[in-house]
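Enquirer: no sequence on hand, only this structure:
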Ligand SMILES: Nc1ncnc2c1ncn2[C@@H]1O[C@H](COP(=O)(O)OP(=O)(O)OP(=O)(O)O)[C@@H](O)[C@H]1O
């Protein structure tokens, strides 16, 4: 499939400072792609280069078969929703939505129906005559979205679109934006630093760090198969054991035990490596329980238990003082894991309790150290 939007080797320098380097990203028509990474990693700069607000230092950008690298912003047909929405406070909802169309010198007879359609899409027809300050945060967000979509853009850009909303509303609006984007088939590039937002909304994620792309993939690819420690840590929590590549998926841990896993790349045998596995994939068993088939196992001692409501977090110290985190569902059997007090499977857990920590080989990633 040919891509619809292409960043090809794009870079941005501010004087001697390299804000974005070698940014290459093909995007398919109708896709929602999220740029994700810590503050200052170059997400917004990349988005702004596409919008034409920031000049590209190197490389090119193609949109719908056309090289737009040097086009002025107003000729790129890009719809943008800014952080904090940037609505005009003295214009009504419908005037705000009409603004972009008037700027494009569209005939008044055309503007009216377009505005109505855009407002209907975000279910705001009844609030058309209100001023932004007479709206809730979620409603203002929808006005910004309607304004961006009204121009029929070739691509929609969302810059931290949910950052001004409180946590509860954010959940709702996430689903709403995603549905709207799917229904309209609008190719969308979104910037966020919120992992949950990116995982739940995007078709693909681009994980950035210090101006560079670390990994591109679907949500489950980057979560289940991170290619390095940065991605594993940035996308949720992970446990790491130190050691060396043992060849054929084996890992020679510093603990002196050999574990089985899957290598992110074919690192040479003996190369320093990390084994990474997620806290929610860890099982706790009685300390004398044999390691189950297909699993890795190590003995440790519980050092801390944190009650998180639906989940309970266990910190377990291994013999070399490496700590492992296990995140287990709260079954209501306070103090017990894996069944009630009478079950053979259950483990009594209290700080100081010895346990067998087990996790599946298939959940274990071998990463370059
Ligand atoms: N006009 C500028 N002049 C010099 N440096 C800049 C300029 N704009 C951005 N930068 C730098 O470029 C880097 C990338 O900035 P950018 O805004 O793209 O980061 P970001 O990933 O979007 O971060 P955040 O999540 O904090 O918005 C930062 O180190 C920033 O300080």
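Expert: Sure thing, it's come through. Just so it is clear, the model here is predicted, and its values are computed rather than measured.
Enquirer: residue 279 reaches residue 311, doesn't it?
Expert: No. Using Cβ atoms under 8 Å, residue 279 is not in contact with residue 311, being 9.2 Å away. Glycine gets a C-beta too; all of them are placed from N, C-alpha and C.
Enquirer: for residue 137, give me phi and psi.
Expert: Main-chain dihedrals, residue 137, degrees, to the nearest 10: phi -60, psi -40.
Enquirer: okay, it: pLDDT?
Expert: Model confidence at residue 137, given as pLDDT, is 82.
Enquirer: got it, and residue 345?
Expert: pLDDT recorded at residue 345 is 67.
Enquirer: that's a helix at residue 139, yeah?
Expert: Yes. Residue 139: assigned to a helix according to DSSP: H, G, I helix; E, B strand; the rest coil.
Enquirer: which residues are in contact with it?
Expert: By Cβ atoms under 8 Å, 6 or more residues apart in numbering, residue 139 lies in contact with 124, 127.
Enquirer: repeat for residue 100
Expert: Residue 100 makes contact with 79, 147-148, 150-151, according to Cβ under 8 Å, 6+ apart.
Enquirer: okay, residue 279 and residue 311: which has more neighbours?
Expert: residue 279 (19 against 14; other Cβ atoms under 10 Å).
Enquirer: follow-up on the earlier one: so what sits against both of residue 279 and residue 311?
Expert: Residues touching both residue 279 and residue 311 (Cβ under 8 Å, 6+ apart): residue 327.
Enquirer: ok so, going back, need the contacts of residue 100 in TSV with neighbour count and distance to residue 267, can you?
Expert: Output for those, formatted as TSV (neighbours: other Cβ atoms under 10 Å; distance: Cβ to Cβ, whole Å):
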residue	neighbour count	distance to residue 267
79	22	44
147	27	49
148	24	45
150	24	51
151	20	49
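Enquirer: poorly predicted segments of the stretch 151-300 of the chain, please.
Expert: Along the stretch 151-300 of the chain, the model assigns pLDDT under 70 to residues 266.
Enquirer: any idea how far the residue in it that the ligand sits nearest to is from residue 286?
Expert: Scanning the stretch 151-300 of the chain for the residue nearest the ligand gives residue 193, at 4.9 Å (criterion: Cβ to the nearest ligand atom). Remark: distance between residue 193 and residue 286 (Cβ to Cβ, to the nearest Å) = 41 Å.
Enquirer: picking that back up, next up, the contacts around the residue of the stretch 151-300 of the chain closest to the ligand.
Expert: Contacts of residue 193 (Cβ under 8 Å, 6+ apart): 36-39, 43, 160.
Enquirer: which ChimeraX command selects the buried ones in those?
Expert: In ChimeraX, a selection of the buried entries from the contacts of residue 193 looks like this (16 or more other Cβ atoms under 10 Å):
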select :36,37,43,160
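Enquirer: can you give me the strands for the stretch 151-300 of the chain?
Expert: Secondary structure of the stretch 151-300 of the chain by DSSP state E, counting those that start in this stretch: the strands cover 155-159, 188-192, 204-209, 212-217, 239-247, 250-253, 258-260, 262-263, 272-277, 282-286, 295-307.
Enquirer: next to the ligand, which bits of the stretch 151-300 of the chain? Give me the list.
Expert: Within reach of the ligand by Cβ under 6 Å from any ligand atom, the stretch 151-300 of the chain has these residues: residue 193.
Enquirer: quick revisit: of the contacts of residue 193, which belong to helices?
Expert: When DSSP state H defines the helices, the subset of those inside them is residue 43.
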